[in-house]
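> Dropping a prediction and its sequence here:
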Amino acid sequence: GQRMLDGRTILITGASSGIGAAAARLFAAEGAAVMLLARRKERLSDLVDEISLAGGRAAMVTGDVADERDVERAVAATVEDFGRLDAAFNNAGWAVAGVPLHETDNAVFDRIIDVNLRGVWNCLRHQIPAILATGRDGAVVNTSSVAGHQATGASAAYVAAKHAVLGLTKAAAAEYGELGVRVNALVVGSTRTELMEEVLEGTPALEKSFVERSVQKRMADPTEIAQAAAWLCSNRASFVTGAAMQVDGGWT
Ligand code: NDP
């Protein structure tokens, strides 16, 4: 039968590991042509090879989402290689473990904001025109977090940035709804990725508390988050916009 993302071209940021890499594999398996953006070249090229070998369509651009020129280049490369941009999964993000606010370096605050918030801003600015030029069933999915609607014990800068991603998502949804671009956010719960490994850093108590806060008493596999992103990027979600979709195992 028809696959969920047949005929769609999707840009994925933060595609070199974790949720983004899982999304790249899944979206390609569901029929999308995927453009992968992240900083680590080796990781991306291995993933492009893997997807191509499996019969999918993938290409890559290395770059930093905090740098507008890199994002602009990735959007241009997508249109050049695949002829269109239907959707984007703005997933790149970075967190540090709970350093007290008053002990956080301003440079760390700046970087957290630049990657998690300005990164999404840069993406929207450059993706929206390309999506509008493609057609009237566009979709953007931004990765927020349970830290995007409550203080989770993550760093205050990260909590602020992920809250802002939800605000930006709603604003963009309101502006572009009538023009045919849906904009949604994923409220992601604890997921087993490299980022999570870094945040836990062998702290069994923190790991236990994250597991306990899910009513399912476990963390997610990255593919479980990617499944929701795939659906939101697809036309199956044609009347869903401005939503903050919780994919958090029932976080309490
Ligand atoms: P990973 O560290 O596994 O993946 C993060 C990805 O983002 C990597 O591909 C990394 O690639 C990329 N990335 C980081 N910084 C930049 C940058 N400046 N420019 C371009 N790419 C960048 O973590 P996750 O998969 O867990 O994280 C994905 C998203 O999910 C993030 O937004 C995170 O905040 C969010 N999230 C994760 C949760 C979890 O429990 N894991 C919970 C809630 C939200 P590279 O280093 O090659 O650039």
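That came through, no problem.

> Can you show me the CA trace of stretch 29-43 as CSV?
Listed next in CSV are the C-alpha coordinates belonging to stretch 29-43 (Å, rounded to 0.1, in the frame of the first residue of the first chain):
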residue,chain,number,x,y,z
ALA,A,29,11.6,3.7,4.8
GLU,A,30,8.2,5.4,4.7
GLY,A,31,9.1,6.7,1.2
ALA,A,32,10.5,10.2,1.8
ALA,A,33,13.7,11.7,0.3
VAL,A,34,15.7,12.9,3.3
MET,A,35,18.3,15.7,3.6
LEU,A,36,20.4,15.2,6.7
LEU,A,37,22.0,18.1,8.5
ALA,A,38,24.4,17.9,11.5
ARG,A,39,28.1,18.7,12.2
ARG,A,40,29.6,15.2,12.2
LYS,A,41,30.5,14.3,8.6
GLU,A,42,31.4,10.7,9.1
ARG,A,43,28.2,9.9,11.0
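
> Quick check: buried residues in that stretch?
Neighbour counts using 16 or more other CB atoms under 10 Å place 29, 30, 31, 32, 33, 34, 35, 36, 37, 38, 43 of stretch 29-43 among the buried residues. In this view, the C-beta of every residue, glycine as well, is placed from N, C-alpha and C.

> buried stuff in the longest strand seen in the chain?
Counting residues, the longest strand found in the chain (DSSP state E) is strand 181-188. Going by neighbour count (16+ other CB under 10 Å), the buried part of strand 181-188 is 181, 182, 183, 184, 185, 186, 187, 188.

> hang on, the fourth one packs against residue 173?
Think residue 184. Yes: contact criterion CB atoms under 8 Å: residue 184 and residue 173 qualify, at 7.2 Å.

> What separation do you get for residue 222 and residue 175?
Distance from residue 222 to residue 175, counting by CB to CB, to the nearest Å: 30 Å.

> For residue 186, give the beta-bridge partners.
For residue 186, the beta-bridge partners under DSSP bridges are residue 143, residue 245.
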